[in-house]
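A.B. asks: Show me how the following folds:
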Amino acid sequence: MPSSLKESFTQRIVELQKRIDSIHADFAQGRNADWAEQARERENDEVLNALESEAKVEIQQLSDAILRIDAGTYGVCGSCGEDIAKQRLEVQPSATQCIKCAS
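C.D. replies: Okay, the predicted model is just below:
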């Protein structure tokens with residue numbers, strides 16, 4: 001199971017990096033000469049910046065999860081040392097704490 005999780009996390013990281021690359025390509029296109037269109041583009045830039053930030057955070061979380069898989073500590077609460085519930089990991093694969101410690 002850990003190797004399939006690792007593969008799944010790695011695949012997700014690749015997808016997220018492609019998203020970031022696409023955002024960078026969109027930024028590189030430059031601005032429209034029309035002022036009204038520039039205002040819309042700025043709003044779009046804010047959304048793209050937020051998406052890029054979210055993607056970078058998720059990449060870091062998944063990378064950390066891969067390191068925990070390699071170290072044999074994936075699924076173990078970093079606070080109390082108990083197992084993290086499988087259902088919690090399904091919802092939040094990068095969880096580092098059990099639900100009790102996270103609360």
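A.B. asks: Do a quick rundown of the helices in this structure.
C.D. replies: In order along the chain, the chain carries the following helices (DSSP state H): 2-28, 35-71, 86-91, 99-102.
A.B. asks: give the contact list for residue 62.
C.D. replies: Contacts for residue 62 were tallied using Cβ atoms under 8 Å, 6 or more residues apart in numbering; they are 9, 12, 13, 16, 93, 94. Every C-beta, even on glycine, is put in place using the N, C-alpha and C of the backbone.
A.B. asks: if you set the cut-off to 10 Å instead, what comes out?
C.D. replies: The contact partners of residue 62, by Cβ atoms under 10 Å, 6 or more residues apart in numbering, come to 5, 6, 8, 9, 10, 11, 12, 13, 16, 93, 94.
A.B. asks: Most neighbours among those, which one is it?
C.D. replies: residue 9 (22 neighbours; other Cβ atoms under 10 Å).
A.B. asks: low-confidence ranges in this protein?
C.D. replies: When residues are selected by pLDDT under 70, those of the chain lie in 1-2, 30-39, 41.
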